[in-house]
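Just the structure for this:
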Amino acid sequence: MDGIEQALGEWKQSLLSKIKLAALYSRSPAAHKWKAPFRSLMLRESVAWRAHDLLFQAHTLHNTGHTLGSRILIRSAIETIALLIYLNQLTKSVLAGTENFHLFSQKTSRLLLGSKDKSTKHESINVLTVLKKADEKYPGVMDMYANLSESAHPNFEGICFGYSRVDHENHTTTFSNNWVAMYGERHVPLMRLCILTFSSEYNDEWSNQFENLEKWIVANDARLEATKDDPL
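Numbering: from 1, shown residues only. Below is the predicted model of the structure:
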């Protein structure tokens, strides 16, 4: 047992099934008359559901020898978890006074409702922007993502190295599926890193920042009301 199945099972049991607006409002009427905190909560829980789904499927594929599909899903999971890291960094910047609250609110809309195909009125924030910010907190995220992208894309690794080997002495190319041999042993450490990072950002970082954001909004409510039509 690698512990991943148990961790994913516990994660699934903890997934939030609903959000009640009335409960949020009763918790802090002044804070939750603003939409940004609700969008922050929505994004947090949506990330939890999506990241779990991706990692569960990635582990299932790994256990059946489908390493390429597993790596592509882990790549998507890293993008997803990076959204939560980015959100937490934005919230922290608001509390530090380096991020305008109204612009922060706009960014929460883009993170939660953004699209590339114009199916929504909000333009999504570029995933590389999100990943670069995540890399500032967790150095190596971008390198890990780039490595996984080599597998996901139909370039040298994704095509030639993944499926062929050349015997130069005999001038022969042999085709086979090489993904398990190449990356099978790296799966569990990658999965564990994703789960631990998500857990820290979900349980510790977001919770602390959210409570502080509520208090900050209450303390600054009058100023926010006065500047809501002119955020800059």
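
so Thr174, which of the three states?
strand (DSSP: H, G, I helix; E, B strand; the rest coil).

Buried residues, the least confident helix or strand in the chain by mean pLDDT. List them.
None of the helices or strands of the chain scores lower by mean pLDDT, DSSP states H and E than helix 21-27, at a mean of 92. Neighbour counts over helix 21-27 (16 or more other Cβ atoms under 10 Å) mark Leu24 as buried. The way it works is simple: take the backbone N, C-alpha and C, and place the C-beta from them, glycine included.

Secondary structure class of the residue of the chain positioned farthest from its centre, three-state.
Going by Cα atoms, centre = their mean, the residue of the chain most distant from its centre is Asn170, 46.8 Å out. With three-state DSSP as the basis, the three-state label of Asn170 is coil.

Can you report phi and psi for it?
Note on Asn170: its backbone torsions stand at phi -100, psi 0 [degrees, to the nearest 10].

picking up where we left off before, can you list the helices and strands that the least confident helix or strand of the chain packs against?
helix 35-63 (3 or more Cβ pairs under 8 Å, 6 or more residues apart in numbering; DSSP states H and E).

As a check, name the ranges of all helices in this protein.
4-14, 21-27, 35-63, 67-96, 101-113, 127-137, 141-152, 162-163, 179-183, 187-199, 207-227 (DSSP state H).

Out of the ones you listed, which one sits most buried?
helix 67-96 (a mean of 22; mean count of other Cβ atoms under 10 Å).

That one - contacts with which helices or strands?
By 3+ Cβ pairs under 8 Å, 6+ apart, helix 67-96 packs against helix 35-63, helix 101-113, helix 127-137, helix 141-152, helix 179-183, helix 187-199, helix 207-227.

CA atoms only for the second one, dumped as PDB, please.
Presented in PDB, the C-alpha positions along helix 101-113 are these (Å, rounded to 0.1, in the frame of the first residue of the first chain):
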ATOM      1  CA  PHE A 101      -9.900  44.700  -2.600                       C
ATOM      2  CA  HIS A 102     -12.100  45.600  -5.600                       C
ATOM      3  CA  LEU A 103      -9.600  44.400  -8.100                       C
ATOM      4  CA  PHE A 104      -9.200  41.300  -5.900                       C
ATOM      5  CA  SER A 105     -13.000  40.800  -6.200                       C
ATOM      6  CA  GLN A 106     -12.700  41.100 -10.000                       C
ATOM      7  CA  LYS A 107     -10.000  38.500 -10.000                       C
ATOM      8  CA  THR A 108     -12.100  36.100  -8.000                       C
ATOM      9  CA  SER A 109     -14.700  36.400 -10.700                       C
ATOM     10  CA  ARG A 110     -12.200  35.600 -13.400                       C
ATOM     11  CA  LEU A 111     -10.800  32.600 -11.400                       C
ATOM     12  CA  LEU A 112     -14.200  31.100 -10.800                       C
ATOM     13  CA  LEU A 113     -16.100  32.200 -13.900                       C
END
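
okay, the angle between it and helix 127-137?
Calculated by axes from the mean of the first three to the mean of the last three Cα atoms, to 10 degrees, helix 101-113 forms an angle of 120 degrees with helix 127-137.

Equivalent analysis for the first one, please.
For helix 35-63 against helix 127-137, the angle by the same axes, to 10 degrees is 90 degrees.

cool, and the fourth one?
Put simply, helix 141-152 runs at 140 degrees to helix 127-137, going by the same axes, to 10 degrees.

related to what we said a few turns ago, dump the helices of the chain to CSV, plus distance to Thr120.
Listed next are those as CSV, based on distance: least, Cβ to Cβ, whole Å:
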stretch, distance to Thr120
helix 4-14, 28
helix 21-27, 21
helix 35-63, 13
helix 67-96, 16
helix 101-113, 5
helix 127-137, 16
helix 141-152, 25
helix 162-163, 35
helix 179-183, 35
helix 187-199, 25
helix 207-227, 24
